[in-house]
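Student: Let me see the structure of the following:
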Amino acid sequence: QVQLVESGGGLVQAGGSLTLSCAASGNIFSINNMGWYRQAPGKQRELVATISSGGTTVYADSVKGRFTISRANAKDTVYLQMNSLKPEDTAVYYCKADLSHYSGSYYYTEDHWGQGTQVTVSS
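Tutor: So this is what the prediction gives:
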């Protein structure tokens, strides 16, 4: 069993900052890509940022220059530092991890999602 536990969401005024964390635990052989996605009311879930095991990052255009994704491999944790927050950043933020597992006889990979954490930015 694998768990992705997110923390750090909350209510902040426009222009403020928040840092989200997502820790993976359980039966994990290795962690490949990790990322953050968000879903606002009435909208589809969208990519915010991803980071590879080697540290290569990808950002949505809407957050470039304001958000920073990082990971602490020793802690199986990914972070999202969010600065200069805007009301349009309001959404439920989900952590996603591409994990490799060993069944005892073979390796396989699976995507796992966290439960989501609410970020609300007031104007």
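Student: Leaving out chain neighbours, which residue sits closest to the residue at minimal distance from the centre of the chain?
Tutor: Among the residues of the chain, the one closest to the centroid is residue 36, at 2.8 Å (CA atoms, centre = their mean). Among residues not flanking residue 36 along the chain, residue 48 sits closest, at 4.3 Å (CB to CB, 6 or more residues apart in numbering). All C-beta spots, glycine's among them, are computed from the backbone N, C-alpha and C.
Student: and the closest residue to residue 9 other than its chain neighbours, what does it touch?
Tutor: In space, and not counting its chain neighbours, residue 9 is closest to residue 117: 3.4 Å by CB to CB, 6+ apart. Listed by CB atoms under 8 Å, 6 or more residues apart in numbering, the contact set of residue 117 reads 6, 7, 8, 9, 20, 92, 93.
Student: likewise residue 57?
Tutor: Neighbour list for residue 57: 49, 50, 51, 69 [criterion: CB under 8 Å, 6+ apart].
Student: try it again with 6 Å
Tutor: Contacts here follow CB atoms under 6 Å, 6 or more residues apart in numbering; on that basis residue 57 touches 51, 69.
Student: Quick check: it vs residue 120, distance?
Tutor: Distance from residue 57 to residue 120, counting by CB to CB, to the nearest Å: 25 Å.
Student: Check which helices and strands the helix or strand bottoming out on mean pLDDT in the chain sits against.
Tutor: Taking mean pLDDT, DSSP states H and E as the measure, strand 107-113 is the helix or strand of the chain with the lowest mean score, a mean of 92. Judged by 3 or more CB pairs under 6 Å, 6 or more residues apart in numbering; DSSP states H and E, the packing partners of strand 107-113 are strand 91-102.
Student: Give me the residues contacting the strand it packs on.
Tutor: Applying CB under 6 Å, 6+ apart, the contact partners of strand 91-102 are 4, 6, 20, 22, 24, 27-40, 107-114, 116-119.
Student: Derive a ChimeraX selection command for the buried subset of those residues.
Tutor: Typed into ChimeraX, the line below selects the buried ones among the contacts of strand 91-102, using 16 or more other CB atoms under 10 Å:
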select :4,6,20,22,24,28,31,33,34,35,36,37,38,112,114,116,117,119
